[in-house]
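Trainee: Mind folding the following:
(one chain, ligands or ions: 3)
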Amino acid sequence: MTFARVIVDVPSKNTNRPFDYKIPEKFESVVQPGVRVIVPFGPRKIMGYVVALTNESDFDKVKNLSEVLDVTPALTEELLHLGKWLSKQTLSYYVSCLQVMLPQVMKAKYRKELWKLTESPLDSELDRVFDGRAVLDYEEFDASGVSYHTLRKHIDDGEVDVHYEVKSRETKRTTRMVQPALDEMELLGFLEDLSKQAKKQKAIVEYFTEHREPISKKQLLQTLSTTSASLKPLIKDGVLKEFDQEVFRDPYQDREFERTTPFELTEEQAEAIGPILKTIDREQHDTFLLHGVTGSGKTEVYLQSIQKVMDKGEEAIMLVPEIALTPQMVERFKGRFGSKVAVLHSALSAGEKYDEWRKIQRKEVQVVVGARSAIFAPFSNIGLIIIDEEHETSYKQEDRTRYHARDVAIERAKRHHCPVVLGSATPALESYARAAKGNYQLLTLSKRMNDATMPDVEIVDMREELHEGNRSMFSRMLKEKIEDRLTKGEQAVLFLNRRGYSTFVMCRDCGHVSECPHCDIALTFHKRQNRLKCHYCSHEEPMPTECPECESKTIRYFGTGTQKVEEALEQLIPEARVLRMDVDTTRRKGSHERLLTKFGNKEADILLGTQMIAKGLDFGNVTLVGVLAADSLLNLPDFRASEKTFQLLTQVSGRAGRHEKPGEVVVQTYTPEHYSVDLASEYDFDRFFQEEMRIRKAFNYPPYYFLTLITVSHPNQLKVQEVTTKIAQFMRQKLSDQSFVLGPTPSALTRINNRYRYQCMIKYKKEPEQRKLVERILHYYEDEMKQENGLQIIVDFQPYQLM
Ligand SMILES: Nc1ncnc2c1ncn2[C@@H]1O[C@H](COP(=O)(O)OP(=O)(O)OP(=O)(O)O)[C@@H](O)[C@H]1O
Ligand SMILES: [Zn+2]
Ligand SMILES: [Zn+2]
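Mentor: Residues are numbered from 1 along each chain as shown. Ligands and ions are numbered 1, 2, ... in the order given. As a prediction, the model looks like this:
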């Protein structure tokens, strides 16, 4: 007798271990580790993952598993292992770590139902809800207002039962195929016996005497202009057979990708790629940091490294930040590797994502290009993992399993004995420090392609502009330079940092700012609907016509959104053709791509946008980049604010003068003296690194110290304070005196969705017991955390969002 060890889909402490199930005989051949199954669990049926098979069970009463969902395991043995590791790293439940590796559609959905077990009416108002039916959706009961107490009573009396229905959302699309069931001689024999009247049937059989391979039914009927009525008897007589074949949605099927061939590498590129190729050859693990200025040809180094891996018959994972996963980027990979590439990003529908994932699973592709979660691609023979723009914070998952793709990449690469390449023009301080210490191998590309120079950067002090009477959001210099490009037929990119610069509503008389009644933040003005919206909860309200505090009519919106910049631009330079690219204009599928194609075809003079346009764009005709408010990031309550500002300014500047024509950059700022602005304008990464390291050291921040952020939230402020104080005290007591425990302090966003938030930050160098201590805390508060809208404690061992 074999048993399956199953991790069930119930994220809780008590279920965070395998449960044993008997494998019914009919399933014996398919049940193996990594397969998803449905199992009885208490009163319901739920999904689970088989993690091992065993010959004996320590449990007395072992139930049968009820269903098997996969024929090919959804997770490889390596991924099952990785999940274990991940759950230790992030202190999340094993099942959550397995879930995070799979496409959305493969996660089970449960429907809760109430079943009436008696023929006679129930002696309560619940009977009205059932309304003569035997089965009721639980949601309907929930909405009815009938008390849980009443329900409980009927359940205890055995009159009503709760059922759970597992629904898989996975949808394989299939198409009906037709194929001959007889060999050619037999078909010819059959033709001779066929009556003269059966012309259509004759045509069909004749077709198959020449074509042995399956054809879709639809296509067959179209080709022979006939109907399924003629086909049916042939199938019934066993001349032909039908079957369903899975078809893949290919989001790029209508696109032609121009094939590209490898460039001859420049001397610098050749020098950088050498050690990577050598490591691939030797099947060793190593981590490289490729520090290459913008436009230095990093992507070509990636492409040729991947080629090497493919030639060896191995697979490669290429991670790109979501916003840089532009059509241009996809084109470069599809252009080089054609159909051997799967693409995974959030703009795909759930079904398309699933199909791309299946291509990886079926080994139809050797390369995956994707955002963060593509790091879990189910390849089994990985030869290289690349993380482009490695400094991007979007590689860190910010809910549930708080993993960083960089850590996962290195963990997987160790198992596969292959290199990891981290690439960036502005590496994260942590990564560069590791390279400086020799933990990563540093590779450098210091020059742009074609000896193009880095664009000149002009810094404009906006305070001076104001003093000299210019109240517009465009400096005189920027205006002149834009006009100059227009006359030359060249293009400009204008960048506006959205974070911390959104449009809020303020009264000019009394200074009242419209805030969300549930969260501690200013509401954002949405012009099109003339409404105010909260970006954290779903609260919205109409734009007020007078101030709710002082009744003044001078209440209006402030700050600068892309929309407002666009309007100002239209007034300032009416002849300019402007394309706006932000969340609003790119919401529709494919709109991102359309806008960029338009810009590439020179149907616009100016591309105006947010973060979205800071990365990856490679247009030769762009000779001017304008940064409207360079310091908008500097004021965030985050110790990485300077680093982020430096990175962003460098990336945006890098969009200009990438090919033959030289570029220029105008940076508008209120703090021109700040070192991150100043050093970015000189492209001096080394000095920025020195300066920033000095500050991090002085204030005990990473990379000198590690951080752990514990955030506590609850609807009651006193409760939050009390719990956070207790946690801080406990940690202070238990940790060594080399560590610092800060807090409790209110979080920068003190209230979200009517829940108060407090935090405790731990700075440490070495605390091997830390995770155990945190586990004890979580265990202690477990019951309170289970309650709906109760206590929440979030622990982040590598925090990037400090608000
Ligand atoms: N060896 C080469 N010979 C000729 N052209 C090259 C070579 N390598 C790259 N290029 C071209 O140089 C341009 C810049 O390269 P690429 O976009 O790869 O730089 P990058 O370092 O990835 O830039 P960024 O970090 O700014 O996105 C591209 O148009 C690319 O096709
Ligand atoms: Zn007012
Ligand atoms: Zn809100």
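Trainee: residues of the helix or strand that contains Glu186 that come out buried?
Mentor: Using DSSP states H and E, Glu186 maps to helix 184-193. By neighbour count, with 16 or more other Cβ atoms under 10 Å as the criterion, the buried positions of helix 184-193 are Leu187, Phe190. No exception for glycine: its C-beta is placed from N, CA and C like everyone else's.
Trainee: Output that helix as CSV - backbone C-alpha positions only.
Mentor: Output in CSV follows, covering the C-alpha atoms of helix 184-193 (Å, rounded to 0.1, in the frame of the first residue of the first chain):
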residue,chain,number,x,y,z
GLU,A,184,-3.8,3.7,-47.1
MET,A,185,-4.7,0.3,-48.6
GLU,A,186,-7.7,-0.2,-46.4
LEU,A,187,-8.9,3.3,-47.3
LEU,A,188,-8.6,2.6,-51.0
GLY,A,189,-10.5,-0.6,-50.4
PHE,A,190,-13.2,1.2,-48.6
LEU,A,191,-13.5,3.7,-51.5
GLU,A,192,-14.2,0.9,-54.0
ASP,A,193,-17.1,-0.4,-51.8
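Trainee: Show me what it is packed against.
Mentor: Counting contacts by 3 or more Cβ pairs under 8 Å, 6 or more residues apart in numbering; DSSP states H and E, helix 184-193 packs against helix 199-210.
Trainee: other SSEs contacting the helix it packs on?
Mentor: Other elements packing on helix 199-210 under the criterion 3+ Cβ pairs under 8 Å, 6+ apart are helix 184-193, helix 217-223, helix 228-236.
Trainee: returning to what we had before: quick check: mean pLDDT of the helix holding Glu186?
Mentor: This predicted structure assigns helix 184-193 an average pLDDT of 85.
Trainee: Just read off the phi/psi values of the closest residue to ligand 3 within the stretch 601-750 of the chain.
Mentor: In the stretch 601-750 of the chain, the residue that lies nearest ligand 3 is Leu749 (10.1 Å; Cβ to the ion). Torsion angles at Leu749 (phi, psi; degrees, to the nearest 10) stand at phi -100, psi 100.
Trainee: Do I have it right that it meets Gln759?
Mentor: No: using Cβ atoms under 8 Å, Leu749 and Gln759 do not qualify as a contacting pair, with a distance of 10.2 Å.
Trainee: which of those two has more neighbours?
Mentor: Comparing Leu749 with Gln759 by neighbour count (other Cβ atoms under 10 Å), the higher total belongs to Gln759, at 25 against 15.
Trainee: Contact partners for that one?
Mentor: Contacts for Gln759 were tallied using Cβ atoms under 8 Å, 6 or more residues apart in numbering; they are Leu709, Ile710, Thr711, Val712, Thr724, Gly743, Pro744, Thr745, Pro746, Ser747.
Trainee: what about 10 Å?
Mentor: Under the criterion of Cβ atoms under 10 Å, 6 or more residues apart in numbering, the contact list for Gln759 reads 709-713, 720, 724, 727-728, 742-748, 794, 796, 799, 802-803.
Trainee: Helices - which of these land there?
Mentor: Secondary structure assignment (DSSP state H) places Val720, Thr724, Ile727, Ala728 from these within helices.
Trainee: neighbours around the last one, how many?
Mentor: When neighbours are defined as other Cβ under 10 Å, Ala728 has 22 of them.
Trainee: Now do the same for the closest residue to Pro233 other than its chain neighbours: its pLDDT.
Mentor: Distances taken as Cβ to Cβ, 6 or more residues apart in numbering place Gln201 nearest to Pro233, at 6.9 Å, with adjacent residues excluded. Each residue has a pLDDT score; the one for Gln201 is 86.
Trainee: these two touch, right, Gln201 and Ile235?
Mentor: No: using Cβ atoms under 10 Å, Gln201 and Ile235 do not qualify as a contacting pair, with a distance of 11.0 Å.
Trainee: Among the two, which residue is more densely surrounded?
Mentor: Comparing Gln201 with Ile235 by neighbour count (other Cβ under 10 Å), the higher total belongs to Gln201, at 22 against 14.
Trainee: What distance do you get for that one to ligand 2?
Mentor: Plainly put, Gln201 is 84 Å away from ligand 2 if you go by Cβ to the ion, to the nearest Å.
Trainee: One more: Asp60?
Mentor: Using Cβ to the ion, which is the criterion applied here, Asp60 is 72 Å from ligand 2.
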